[in-house]
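Chemist: I would like to see how this sequence folds:
(chains A and B)
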Amino acid sequence: MTAIARERDVALVDLVDRLLAGGVVIAGDITLAVADVELVHVSLRALVSSVSSLERPPQP
Amino acid sequence: MIDVLAITDAGVTVDPPVVAVPSDGVSVLCTPSNGDGVDADALWRHEELLEGLMKLRPLLPVRYGTRVPDEAAAAAAVAGRGAELMARLDHVRGAVEVSVRVRTAAPAPPTTAEHSGVEYLRARTAASRAGEGVHEVLEPLARDCRLLGGAEPLRAAYLVEHDDVDAFAARVRELQGEHPELAILCTGPWPPYSFSEAAS
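Modeler: Predicted coordinates for the structure are as follows:
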């Protein structure tokens, strides 16, 4: 993964945090399908594991 | 169907396809729904749209995926909440959200040996203290902050004045230099997603 792609993925974690849990909740329909949310979570989990493995300090 | 993007001041003008629907002393910014699926590109397009709108006016993002049948429904959805939303708009006016996360090397999960469990807890405690330390340094530089929880030692949002963003970022870089053992991840500026509702 390039440095730029990694930075974008780090930011994607923060973006997903904010879009799915932040913002004003108004009396509309949240029409984001459950399957879509699960898809985002699954891809996010994959992403988080790849980010954390990249960030792990080198082993002595 | 239309997507509800954000709440902003009354009387603003916006460029198509965004429309500003007046309701109860505020404007509700909406766009026609494009039926996008949810993938990373769709999320970034949404973010870019909000960032463009944020350049010209303070705004409160609305929860992603909020969809209503028409403009009348968008207006009805905020009717009666104008005063509360104006107060929130005033709270974020002139400021942006900055995200900070602290990650450490994941401690090895405990094995059956008793001392491994103790070491694991010790590592978890040290990581938690490191997160608190970073937060204590950054909190005074922000107008407001929210701790977002989760498994990481720190996962936080800071509401930072426009003019203080560079100083905030510089302090984060100093912390990164002072703590090479931590991964301190800072992104932004974001629209104030985490400050759109009063603290619970």
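Chemist: tell me where the model's unsure across the chain.
Modeler: Unless you meant another one, I'm taking chain A. Residue ranges of chain A with pLDDT under 70: A:1-8, A:28-60.
Chemist: you looked at the wrong chain, it should be chain B
Modeler: In chain B, residues with pLDDT under 70: B:35-37, B:105-115, B:200.
Chemist: could you pull out the helices for it?
Modeler: Ranges of helices within chain B are B:40-54, B:71-78, B:82-92, B:114-138, B:165-178, based on DSSP state H.
Chemist: and of those helices, who's closest to B:Phe195?
Modeler: helix B:82-92 (5.4 Å; C-beta to C-beta). The way it works is simple: take the backbone N, C-alpha and C, and place the C-beta from them, glycine included.
Chemist: so which elements touch the closest one?
Modeler: strand B:2-9, strand B:26-32, strand B:59-61 (3 or more C-beta pairs under 8 Å, 6 or more residues apart in numbering or on different chains; DSSP states H and E).
Chemist: from the chain's centroid, how far away is it?
Modeler: 16 Å (C-alpha atoms, centre = their mean, to the nearest Å).
Chemist: what angle do that helix and helix B:40-54 make?
Modeler: 90 degrees (axes from the mean of the first three to the mean of the last three C-alpha atoms, to 10 degrees).
Chemist: other residues contacting helix B:82-92?
Modeler: Helix B:82-92 is contacted by residues A:24, B:7-9, B:23-26, B:58-60, B:78, B:143-144, B:159, B:192, B:195-198 when judged by C-beta atoms under 8 Å, 6 or more residues apart in numbering or on different chains.
Chemist: then stretch B:28-48?
Modeler: With C-beta under 8 Å, 6+ apart as the test, stretch B:28-48 has contacts from A:12, A:15-16, A:19, A:32-33, A:36-37, A:39-40, A:43, B:1-8, B:14, B:17-22, B:49, B:53, B:59, B:64-65, B:67-68, B:71, B:74-75, B:77-78, B:190-191.
Chemist: ditto for stretch B:134-141
Modeler: So stretch B:134-141 is in contact with B:100, B:102, B:145, B:147, B:154, B:156, B:158, B:160, B:164, B:167-168, B:171-172, B:175, B:179, B:182, B:184, going by C-beta under 8 Å, 6+ apart.
Chemist: and it, what's buried?
Modeler: The neighbour-count check on stretch B:134-141 (16 or more other C-beta atoms under 10 Å in any protein chain shown) flags B:134-135, B:138, B:141 as buried.
Chemist: before we move on, the earlier item: report the buried members of the contacts of stretch B:28-48.
Modeler: Counted by 16+ other C-beta under 10 Å, these give A:12, A:15-16, A:19, A:32, A:36, A:40, B:2-8, B:14, B:18-21, B:49, B:53, B:59, B:64-65, B:67-68, B:71, B:74-75, B:77-78, B:190-191 as buried.
Chemist: B:Ala183 contacts B:Ala127, doesn't it?
Modeler: No: the criterion here is C-beta atoms under 8 Å, and B:Ala183 misses it with B:Ala127 at 11.1 Å.
Chemist: so what sits against both of these two?
Modeler: When contacts are counted by C-beta under 8 Å, 6+ apart, the set common to B:Ala183 and B:Ala127 consists of B:102, B:104.
Chemist: quick revisit: could you look over the helices of chain B and pick the most buried one?
Modeler: helix B:71-78 (a mean of 19; mean count of other C-beta atoms under 10 Å in any protein chain shown).
Chemist: using CSV, write out the CA atom coordinates for that helix.
Modeler: Output of helix B:71-78 as CSV, limited to C-alpha atoms (Å, rounded to 0.1, in the frame of the first residue of the first chain):
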residue,chain,number,x,y,z
GLU,B,71,-38.9,19.3,0.4
ALA,B,72,-42.1,19.6,2.5
ALA,B,73,-41.0,16.5,4.5
ALA,B,74,-37.5,18.0,4.9
ALA,B,75,-39.0,21.2,6.4
ALA,B,76,-41.4,19.2,8.6
ALA,B,77,-38.5,17.1,9.9
VAL,B,78,-36.9,20.1,11.7
